[in-house]
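Asks: I would like to see how this sequence folds:
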Amino acid sequence: MINSEKSELKIKAIENGTVIDHITANESLHILKILDLPNPKINNVTIAMNVSSNVIGRKDILKIENRELDAEEINQIALIAPQSTINIIRDYKPIMKRKIILPDEITSIINCTNLKCISNNVDEPIESRFHVIQKDPPAVRCHYCEKLIKIEDIEKQFE
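Replies: Numbers count the residues shown, from 1 in each chain. You can find the predicted model right below:
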């Protein structure tokens, strides 16, 4: 007799924290680096990588206990995984769910890859500033030197 029941991996619900879902497959490690995780102050971080998704085919999921993300962290994640959703959990219940939206302008998150750009001048530090010209996959243009930076160069900065 053949057992036709499928086995399935269940990931424990978190009491409080953030769930990042619909992360582009195999990008969760970049997001961990952005968020400076793992961190001993966080009780638990759960990662599911390259799992099937009806929405995007393959995806990663991160569950981070006892931490809610700020706007800058969400913008950084949007550069790496623009299809992601953020779920804030309190008392085991989602109190907020929203799709990440890459803003039209990014400041101080990444650096210009043009070494001669004024934003890379160590003698006169100036905040980096980029205009988003394409949202998925992300591509940005430096406000100062107009250098185009594509997703590959963005990902390298988070390695």
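Asks: what residues are up against residue 92?
Replies: Counting by CB atoms under 8 Å, 6 or more residues apart in numbering, residue 92 touches 13-15. From N, CA and C alone the C-beta is placed, and that goes for glycine too.
Asks: just the buried ones from those, in PyMOL syntax?
Replies: Only the buried entries of the contacts of residue 92 go into this PyMOL selection, using 16 or more other CB atoms under 10 Å:
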select buried, resi 14
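Asks: can I get the contacts of residue 92 in JSON lines including secondary structure?
Replies: Listed next are the contacts of residue 92 as JSON lines, based on DSSP: H, G, I helix; E, B strand; the rest coil:
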{"residue": "13", "secondary structure": "coil"}
{"residue": "14", "secondary structure": "coil"}
{"residue": "15", "secondary structure": "coil"}
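Asks: quick one: which of the contacts of residue 92 is nearest residue 62?
Replies: residue 14 (10.7 Å; CB to CB).
Asks: wait, the closest one touches residue 67, no?
Replies: No: contact status for residue 14 versus residue 67: not in contact, 10.0 Å apart, counting by CB atoms under 8 Å.
Asks: and residue 51, how many residues sit next to it?
Replies: 12 (other CB atoms under 10 Å).
Asks: go on, residue 116?
Replies: With other CB under 10 Å as criterion, residue 116 counts 9.
Asks: likewise for residue 56?
Replies: 14.
Asks: in this structure it contacts residue 83, no?
Replies: Yes: between residue 56 and residue 83 there is a contact at 5.8 Å, judged by CB under 8 Å.
Asks: joint contacts of those two?
Replies: Contacts common to residue 56 and residue 83, judged by CB under 8 Å, 6+ apart, are 22, 24.
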